[in-house]
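# Let's see this in three dimensions:
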Amino acid sequence: MSGSFSRRWMSEPHSETSGPEQHPGDDAEGESCSDCDGPAAKSFTGPRLSSMKRRHSVQMLTPLHYQHGYQYPLLVWLHSAGHNERQIEQVLPHISTRNYVGLGVRATRATDVRGCGFDWPCGRDATAKACEVVLDAIDQVAEEYSINSDRVVLAGYGSGATLACQIALLHSDRFAGVVRMGGRFPDASGVFKNFKRLRERRMPMLWQQAINGVDDDPELMQRDITAAQCIRAQVEIRQYRGDEVMNTVALKDIDRWCFDKIIAPKPTEACVGEAPMDGSEFTLVDFSAN
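Residues are numbered from 1 along each chain as shown. Sure, this is the predicted structure:
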């Protein structure tokens, strides 16, 4: 079966000299990550938060030196189980401080009595509701900020990653690409109903997984690859040492991948050789309870 796949092992964060320079306002500095004891917006002076009334619970962030005349790529973040839309405050600074308008969307089901944690339920009706919430949130941010509608990237972590794939396949005309940190790729049930259009679309995808993580199952990975090949998706798989994919190297890789595949696409390259990682170049990203 056809399909474009590249399996990469990233051995170190990108340096200043290797960062993309063509994109206005690019953040070329490789940032180290410290423990997040509170919302990142309090200690990180880059993105500013929009406080206008929302139709849904979302968090919007703008980049450093935001310019109204420039149409920015939009990075839509779907959080993992037990967190909420503010997870993007702790994630986006490690992806880039200047390249994107960020949008965090709250999941549809509460997971605690305090109303701080949420998750994305499964099922056709739940997915349809999530699609509605996410697409409406994108329309909200487009009303307030200068967004390039052809450069909307949907990204998620854990259960948010699984849903990101589902929404991107159901509404492939709305997204330039999808980033999956952990999670699972959906099977053919429901999301492949527009099979011909998906094969023509050839959706760019970045799959990130920890080698010893909870989502690292060789049999399930093979199933996911086969399913993606059926729709000719352009998938790049990157694996990271350890048991947790949420680290600073993986987040910085999202910026590089978005630039290479979405912002300034390059011709399809051959698979890059594998190089082992010693684990000394990245830091795990922790989230606050807020």
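# alpha carbons only for contacts and neighbour counts from here, please
OK.
# which stretches of the stretch 51-200 of the chain form strands?
58-62, 72-78, 101-105, 109-110, 118-119, 147-157, 177-181 (DSSP state E, counting those that start in this stretch).
# CSV for those strands, including distance to Lys196?
Output for those, formatted as CSV (distance: least, Cα to Cα, whole Å):
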stretch, distance to Lys196
strand 58-62, 33
strand 72-78, 26
strand 101-105, 30
strand 109-110, 33
strand 118-119, 31
strand 147-157, 21
strand 177-181, 18
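# quick one, which of the ones you listed is nearest to Glu219?
Proximity to Glu219 (Cα to Cα) singles out strand 177-181 among the strands of the stretch 51-200 of the chain, at 17.7 Å.
# For the helix or strand hosting Gln222, could you pull out the residues that count as buried?
Assigned by DSSP states H and E, Gln222 falls within helix 218-230. Residues of helix 218-230 classed as buried under the neighbour-count rule (16 or more other Cα atoms under 10 Å) are 223, 225-230.
# Which member of the residues you listed is positioned nearest Arg241?
Looking across these and measuring by Cα to Cα, the closest to Arg241 is Ile225, at 20.5 Å.
# now the closest one: how far from Leu170?
Distance of Ile225 to Leu170, computed by Cα to Cα, to the nearest Å: 18 Å.
# repeat for Val76
16 Å.
# Helices along this structure, start to end?
For the chain, applying DSSP state H gives helices covering 40-43, 87-95, 124-144, 159-170, 195-201, 218-230, 248-258.
# export those helices to a markdown table and tack on mean pLDDT?
Shown next, in a markdown table, are these (pLDDT from 0 to 100):
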| stretch | mean pLDDT |
| --- | --- |
| helix 40-43 | 36 |
| helix 87-95 | 96 |
| helix 124-144 | 94 |
| helix 159-170 | 94 |
| helix 195-201 | 90 |
| helix 218-230 | 89 |
| helix 248-258 | 96 |
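# And the ones you listed: which comes nearest Met60?
Judging those by Cα to Cα, what sits closest to Met60 is helix 124-144, at 7.2 Å.
# circling back to that earlier point, of the helices of the chain, give the one that comes closest to Pro63.
With Cα to Cα, the closest approach to Pro63 among those belongs to helix 87-95: 9.3 Å.
# What is the closest one packed up against?
When contacts are defined as 3 or more Cα pairs under 8 Å, 6 or more residues apart in numbering; DSSP states H and E, helix 87-95 sits against helix 40-43, strand 101-105, helix 248-258.
# any idea which of these is most buried?
strand 101-105 (a mean of 27; mean count of other Cα atoms under 10 Å).
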